[in-house]
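Enquirer: What follows is a predicted structure for the sequence shown.
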Amino acid sequence: MKEYDFVVIGSGIAGLSFALKAARHGSVALITKRKGADTNTAWAQGGIACVTSDEDSFELHVRDTLEAGAGLCDEAVVRTIVTEGPERIRELAELGLHFDEREVEGHREFDLGKEGGHSKRRVLHVRDATGKEIEQTLLREFSRQSSAELFENHVAVDLITAAKLGFATADRCLGVYVLDERTDEVESIRSDRIVLATGGCGKVYLYTTNPDIATGDGVAMAWRAGVEIANMEFIQFHPTCLFHAEAKSFLISEAVRGEGGILRNHRGEDFMKRYDPRGSLAPRDIVARAIDAEIKRSGAKCVFLDITHKSPEFIRERFPHIYETCLRFGVDMSKQAIPVVPAAHYQCGGIKTDVNGATSLSGLYAVGEVACTGMHGANRLASNSLLEGLVVAHRAAVAAVHKRPLGKQNVALPEWRSGNVQDVDELVVIYHNWDEIRRLMWDYVGILRTDKRLQRASARLRNLQREIREFYWNFKVSVDLLELRNLAAVAALIVDSGLCRKESRGLHYTLDYPDRDDRQFKRNTVLSRG
Ligand code: SIN
């Protein structure tokens, strides 16, 4: 049995930042489902929101974050993350990351981007491929650590806890079962400090800006281990995903609207003005709902994002990745408006943690999108998530390093046992259920909700979960089966959380209760098994 001081599951900004810091104090196993760089982080285009300019202030960044969060942010958490941001950005720069700069009156300063809901320019970026640069920088640094090992193509199956083993002690995390895709074997890894950094759950929806790995694994595992999960009803839909039959999940960054891009309907009208005085740069929840309404009203398939009033040179220089990708799909964004639709983008809720990433289970930490720290409340301010990932990962590493280790345990962790049947005919059931979940979530639990739709989704999900459970115990586990099981669990959590909130707030909008009700619902939705 393998044993490490720290096990980190997920190799995006939060997992890697934690791993790099923990590796100075002990052995680290970094488990990742595909390749190291197959993460949500690597797909992030916009950048990192952080106060670095004299025209900005921590106070303004805190205020913008609280306003977007619609009454549910934890102000102390927001303050901590905002004020510790610059120090963490300096560390990234020390690792060799160069954010874009510009020349102003003879000196260089950061070229700051603007996105919806920010009162100032404050988004640090590397053209439109910020996440990719961050990922490469952190992975390069990780590869230099002698005490840290990267396990690619390894999928975490479930947490091993004292309660699951029937110990009469207070519950705590003892290890994790991991499927090695190359050998098809599940092994147990022992560690008393485990970090979930598995990202979000965009794949629970039919249309998403997320990569294929975003199947809600961390939330599902934590849920099965009895850990508290908060605010899963708040799923952020990004207003502008490229609309094209062959383009899968391609985001058109909000930075395009930050640089003056205008949303137009099929008649060419700048329709956002009718919905919000801030027009195309209103906060995401408002823009996504307006596009949804516009599409439903007109019967059109999409709306259009127009930045053709900017020079082709500016567009190619500022948005090289978006420009090239659109061009590959036959859209020259310097000459024509880009067809766009909303798509599931970010999970604002997740495993409930404090600002140090500690969960309700001793020894288990959660960092990044998988966690609900209180930073985002009912709606995340654009580009606040990479910042949260960096700051909380640092704090979690400090906390975990100082946590008194359990020491070598005499109890051996039990070996993995599951069914052995591998019936290819039945694989069709996995794919069918996978598609069914994603479609029903899109149709019934999307941008606009009702109790009736949520109840319908809930009933269908319960049946699917029962079917999946049977499969799980009879068949040999595979990545597809594990992901399906996790997707179903997370989908049910989104629906159940939505049913608890009988009001509209931030990203949760229901036609049955269209108003915000601070008297009854200015609180987090916290669920735990049993
Ligand atoms: C974007 O570039 O629009 C995405 C940024 C974010 O979601 O924070």
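Expert: It's in.

Enquirer: count of residues packed around residue 37?
Expert: Close neighbours of residue 37, defined as other C-beta atoms under 10 Å, add up to 17. C-beta coordinates here come from the backbone N, C-alpha and C atoms, glycine included.

Enquirer: pLDDT score for it?
Expert: Per-residue confidence (pLDDT) for residue 37: 96.

Enquirer: What of the one 4 residues further on?
Expert: Residue 41 is assigned a predicted lDDT (pLDDT) of 96.

Enquirer: now do residue 264
Expert: You'll see residue 264 listed with a pLDDT of 98.

Enquirer: One more: residue 423?
Expert: Reported pLDDT at residue 423 in the predicted model: 63.

Enquirer: Report the buried residues of stretch 210-225.
Expert: Of all the residues in stretch 210-225, those buried under the rule 16 or more other C-beta atoms under 10 Å are 210-211, 213-225.

Enquirer: Could I get the CA-only coordinates of that stretch as CSV?
Expert: Taking Å, rounded to 0.1, in the frame of the first residue of the first chain, the C-alpha atoms of stretch 210-225 are listed here in CSV:
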residue,chain,number,x,y,z
ASN,A,210,-15.8,23.1,-19.3
PRO,A,211,-13.5,20.4,-20.5
ASP,A,212,-14.5,16.7,-20.3
ILE,A,213,-12.9,16.2,-16.9
ALA,A,214,-15.4,18.4,-15.1
THR,A,215,-17.7,15.7,-13.8
GLY,A,216,-18.1,16.8,-10.2
ASP,A,217,-15.9,14.0,-8.8
GLY,A,218,-14.8,15.9,-5.6
VAL,A,219,-18.2,16.9,-4.5
ALA,A,220,-19.6,13.5,-5.2
MET,A,221,-16.8,11.7,-3.2
ALA,A,222,-17.2,14.2,-0.3
TRP,A,223,-20.9,13.7,-0.3
ARG,A,224,-20.6,9.9,-0.1
ALA,A,225,-18.2,10.4,2.8
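
Enquirer: hang on, the earlier thing: ok, so of the buried residues of stretch 210-225, who is nearest the ligand?
Expert: Nearest to the ligand, judged by C-beta to the nearest ligand atom, of these is residue 210 at 10.6 Å.

Enquirer: can you tell me which residues contact the closest one?
Expert: The contact partners of residue 210, taken as C-beta atoms under 8 Å, 6 or more residues apart in numbering, are 40, 43, 199-200, 202-203, 249, 344-345.

Enquirer: Least confident of the residues you listed?
Expert: Least confident by pLDDT among the contacts of residue 210: that is residue 249, with 86.

Enquirer: Near that residue, how many residues? Count them for me, please.
Expert: 19.

Enquirer: so it sits right up against residue 205, yeah?
Expert: No. Using C-beta atoms under 8 Å as the test, residue 249 is too far from residue 205 to be in contact (10.5 Å).

Enquirer: Overlap in contacts, the two.
Expert: Counting by C-beta under 8 Å, 6+ apart, the shared contacts of residue 249 and residue 205 are residue 343.

Enquirer: looking at it, residue 48 is touching residue 115, isn't it?
Expert: No. Shown here, residue 48 and residue 115 do not form a contact pair, counting by C-beta under 8 Å, at 11.2 Å.

Enquirer: Which one's more surrounded, those two?
Expert: Taking neighbours as other C-beta under 10 Å, residue 48 and residue 115 compare with residue 48 leading, 29 against 25.

Enquirer: how close does the more buried one sit to residue 391?
Expert: Residue 48 sits 10 Å away from residue 391, taking C-beta to C-beta, to the nearest Å as the criterion.

Enquirer: anything in contact with each of these two?
Expert: residue 85.

Enquirer: returning to that earlier point: go through the buried residues of stretch 210-225 and flag which are in helices.
Expert: Mapping these onto helices (DSSP state H) picks out 217-224.

Enquirer: about what we covered before: neighbour-wise, which of the contacts of residue 210 leads?
Expert: Top of those by neighbour number is residue 199, holding 33 neighbours under the definition other C-beta under 10 Å.

Enquirer: wait, it sits on residue 9?
Expert: No. In this structure, residue 199 is not within contact of residue 9 by C-beta under 8 Å, at 10.2 Å.

Enquirer: joint contacts of the two?
Expert: Residues touching both residue 199 and residue 9 (C-beta under 8 Å, 6+ apart): residue 218.

Enquirer: hmm, back to that, identify the contacts common to residue 48 and residue 115.
Expert: With C-beta under 8 Å, 6+ apart, residue 48 and residue 115 have common neighbours 123, 383.

Enquirer: hmm, who's touching stretch 242-250?
Expert: For stretch 242-250, contacts defined as C-beta under 8 Å, 6+ apart pick out 202, 207-211, 241, 251-252, 301-302, 325-326, 329-331, 338-341, 343.

Enquirer: taking those residues one by one, which sit in helices?
Expert: 325-326.

Enquirer: Looking at the longest helix belonging to the chain now, give me its mean pLDDT.
Expert: Identified as the longest helix of the chain according to DSSP H is helix 451-474. For helix 451-474, the mean pLDDT works out to 94.

Enquirer: What residues of that helix count as buried?
Expert: 453-454, 456-458, 460-461, 464-465, 467-468, 471-472.

Enquirer: Please apply the same query to stretch 136-145.
Expert: Neighbour counts over stretch 136-145 (16+ other C-beta under 10 Å) mark 136-139, 141-142, 145 as buried.

Enquirer: Stretch 242-257 spans what distance, first to last residue?
Expert: The separation between the terminal residues of stretch 242-257, taken as C-alpha to C-alpha, to the nearest Å, is 14 Å.

Enquirer: quick check, it touching the ligand?
Expert: Yes. Interface with the ligand: stretch 242-257 contributes 253-255 (C-beta under 6 Å from any ligand atom).

Enquirer: Weed out the non-buried ones from the residues you listed.
Expert: Among those, those classed as buried by 16+ other C-beta under 10 Å are 253-255.

Enquirer: Read off the pLDDT value for whatever residue of the stretch 401-530 of the chain ends up closest to the ligand.
Expert: Nearest to the ligand in the stretch 401-530 of the chain, going by C-beta to the nearest ligand atom, is residue 507, at a distance of 12.7 Å. In the predicted model, residue 507 carries a pLDDT score of 97.

Enquirer: Residue 46 now?
Expert: Reported pLDDT at residue 46 in the predicted model: 89.

Enquirer: from now on call the first residue 437
Expert: In the new count, where the first residue is 437, that last one comes out as residue 482.

Enquirer: Can stretch 565-578 be said to contact the ligand?
Expert: No. Stretch 565-578 lies out of reach of the ligand by C-beta under 6 Å from any ligand atom, never closer than 8.3 Å.

Enquirer: How far away from the center of its chain is that stretch?
Expert: 17 Å (C-alpha atoms, centre = their mean, to the nearest Å).

Enquirer: List the contacts of that stretch.
Expert: Contacts of stretch 565-578 (C-beta under 8 Å, 6+ apart): 447-449, 452-453, 455-456, 459, 466, 472-473, 475-484, 528, 531-533, 535, 560, 562, 584, 586, 756-757, 822.

Enquirer: Next up, the contacts around the residue nearest to residue 710 when sequence neighbours are not counted.
Expert: Once flanking residues are discounted, residue 710 sits nearest to residue 726: 7.9 Å by C-beta to C-beta, 6 or more residues apart in numbering. For residue 726, the contacting residues are 707-708, 710-712, 718, by C-beta under 8 Å, 6+ apart.

Enquirer: Could you rerun that using 7 Å?
Expert: 707-708, 711 (C-beta atoms under 7 Å, 6 or more residues apart in numbering).

Enquirer: got a pLDDT number for it?
Expert: In this model, residue 726 is scored at 96, pLDDT.

Enquirer: Quick check: which element contains it?
Expert: Secondary-structure assignment from DSSP states H and E places residue 726 in helix 720-734.
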